[in-house]
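Chemist: Fold the following for me, if possible:
(one chain, ligands or ions: 2)
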Amino acid sequence: MLILAIETSCDETAAAVVEDGQRILSNVISSQIEIHAQYGGVVPEIASRHHIQNISVVVDQALQEAGLTFDDIDAIAVTYGPGLVGALLIGVSYAKALAFALGKPLVKVHHIAGHILANSLAYPLLKPPYICLVASGGHSHIVKVTGWAQSDYEVLGQTRDDAAGEAFDKIARVLGLGYPGGPLIDALSKTGNAQSIKFPRVTFADQPYDFSFSGVKTSVINYLHNAQQKGEDVNNADIAASFQQAVVEVLTEKTFLAAQHQNIHVVALAGGVAANQALRKAMTEKAEKLGMTFYVPPMIMCTDNAAMIAEAGFYQAQSGLFSVLSLIAVPNL
Ligand code: KG4
Ligand code: ZN
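Modeler: Ligands and ions are numbered 1, 2, ... in the order given. Below is the predicted model of the structure:
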């Protein structure tokens, strides 16, 4: 089964062709990062306009790289939420128009399901049940995956305020590093001492798998203000490394705690924050210590892409779960 997938939930216009949920024939990503970086974050209206400009070029390129034409495609998968409404609408409208014009089935995909399934596309041996930590710019979820369908995901814990990636982006901004913050903090942390400043690690007695990142964010900002008031110099690399350590520790500890409590010995990591080197290392080491198996996709499959949407679409299509053409974008899905 050949799936053509489209992803436009945020600032990447992406299209991919995947065969039988296993072979990536093309995975085209047109990033708008440089455009939004001037504003310090994604400007939704600008993102939508660039998706309009890029979408047909990106889809054509995905087909060309796969050596296929529209006629060869069996189904069209599209991200319909969550995400920026204007951005999602471009992908959804384009996919619906394609499906209608070509007379091919349409499959609607939950963006986070796509992130989770990036792992099974990268590692065909990975089979449910497993625990997946999805940490991106908009979400931080610990998910129990018991099957391939989107109805087989149970959210065990989630953030009560900021998402992990959002915290990285905000701290990068206060440190004057730029956008997107995750990769910049990741790089700067390599030269800093992660033990130098003890930023808070938040736990909840009633819900051990929930996260909160607003406390650590405020703590970093207070640390900077205090130093400024006293006229003291700060070491940005130490701040970045200590902040990153606080986030990595809670993400790792809570995810493996959930796995232990659920008696599941396979853990996966997904979402943009999965590109973080310290998090990949901490989770790899924790899994080794506990005798668990750990999966994390290659870097290109961590941040937004359409190959992961094709993978999720493949499982939906296999189960005959096709969408009506009246599909709408659901930003808060
Ligand atoms: O999954 P994604 O591409 O888009 C969303 O669905 O949100 O994730 C983007 C987020 C951004 O917040 C970005 O700063 C973060 O992932 N990110 C990272 C790294 N690379 C991207 N965070 C920490 N370390 C990284 N290396
Ligand atoms: Zn994403």
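
Chemist: Low-confidence ranges, this protein, go.
Modeler: Of all residues in the chain, none has pLDDT under 70.

Chemist: Now do the top helix by length along it: which elements does it pack against?
Modeler: Secondary structure of the chain per DSSP state H: the longest helix is helix 236-262. Packing partners of helix 236-262 (3 or more CB pairs under 8 Å, 6 or more residues apart in numbering; DSSP states H and E): strand 130-135, strand 140-145, strand 153-158, helix 164-174, helix 181-189, helix 214-229, strand 266-270, helix 277-290. Quick note: C-beta positions are derived from backbone N, CA and C, even for glycine.

Chemist: The fifth one and ligand 2 in contact?
Modeler: No - Helix 181-189 stays out of contact with ligand 2 when judged by CB under 5 Å from the ion, the minimum separation being 11.8 Å.

Chemist: got it, and the second one?
Modeler: No - no part of strand 140-145 sits close enough to ligand 2 to count as contact by CB under 5 Å from the ion; the gap is at least 11.6 Å.

Chemist: residue contacts, residue 168?
Modeler: 180, 181, 182, 185, 244, 247, 273, 276 (CB atoms under 8 Å, 6 or more residues apart in numbering).

Chemist: For the helix or strand hosting residue 101, buried residues please.
Modeler: Element membership for residue 101, per DSSP states H and E: helix 85-102. For helix 85-102, a neighbour-count test (16 or more other CB atoms under 10 Å) marks 85-96, 98-99 as buried.

Chemist: Can you say which of the residues you listed are also within reach of ligand 2?
Modeler: Among the buried residues of helix 85-102, no residue sits close to ligand 2 (CB under 5 Å from the ion).

Chemist: Could you save those as JSON lines and add columns showing distance to ligand 1?
Modeler: Below are the buried residues of helix 85-102 laid out as JSON lines (distance: CB to the nearest ligand atom, whole Å):
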{"residue": "85", "distance to ligand 1": "15"}
{"residue": "86", "distance to ligand 1": "16"}
{"residue": "87", "distance to ligand 1": "11"}
{"residue": "88", "distance to ligand 1": "12"}
{"residue": "89", "distance to ligand 1": "17"}
{"residue": "90", "distance to ligand 1": "16"}
{"residue": "91", "distance to ligand 1": "13"}
{"residue": "92", "distance to ligand 1": "16"}
{"residue": "93", "distance to ligand 1": "20"}
{"residue": "94", "distance to ligand 1": "19"}
{"residue": "95", "distance to ligand 1": "18"}
{"residue": "96", "distance to ligand 1": "22"}
{"residue": "98", "distance to ligand 1": "23"}
{"residue": "99", "distance to ligand 1": "24"}
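
Chemist: residues in contact with the residue in the stretch 51-200 of the chain positioned nearest to ligand 2?
Modeler: Relative to ligand 2, the nearest point of the stretch 51-200 of the chain is residue 136 (4.3 Å; CB to the ion). Residues in contact with residue 136, defined by CB under 8 Å, 6+ apart, are 112, 115, 163, 164, 165, 271, 272, 273.

Chemist: May I see those residues arranged in CSV, with distance to residue 292 and neighbour count as well?
Modeler: Below are those laid out as CSV (distance: CB to CB, whole Å; neighbours: other CB atoms under 10 Å):
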residue, distance to residue 292, neighbour count
112, 22, 26
115, 20, 30
163, 25, 23
164, 21, 29
165, 24, 26
271, 19, 29
272, 23, 25
273, 20, 29
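
Chemist: Show me which residues of the stretch 101-250 of the chain are close to ligand 2?
Modeler: residue 136.

Chemist: In the stretch 101-250 of the chain, which residue sits closest to ligand 1?
Modeler: Distances between the stretch 101-250 of the chain and ligand 1 by CB to the nearest ligand atom are smallest at residue 182, namely 2.0 Å.

Chemist: ok, and the closest non-adjacent residue to that residue?
Modeler: Nearest non-adjacent residue to residue 182, counting by CB to CB, 6 or more residues apart in numbering: residue 168, 4.2 Å away.

Chemist: mind checking the SS state of residue 25?
Modeler: strand (DSSP: H, G, I helix; E, B strand; the rest coil).

Chemist: quick one: it and residue 17 touch, right?
Modeler: Yes - using CB atoms under 8 Å, residue 25 is in contact with residue 17, at 4.3 Å.

Chemist: In terms of packing, which of those two has more residues around it?
Modeler: The residue with more neighbours, out of residue 25 and residue 17, is residue 17; 27 against 20, by other CB atoms under 10 Å.

Chemist: which residues sit in contact with that one?
Modeler: Applying CB under 8 Å, 6+ apart, the residues near residue 17 are 2-5, 24-26, 62-63, 65-66, 68, 73, 310.

Chemist: and what of residue 283?
Modeler: Contact analysis of residue 283 by CB under 8 Å, 6+ apart lists 133, 251, 252, 255, 256, 267, 269, 294, 296.
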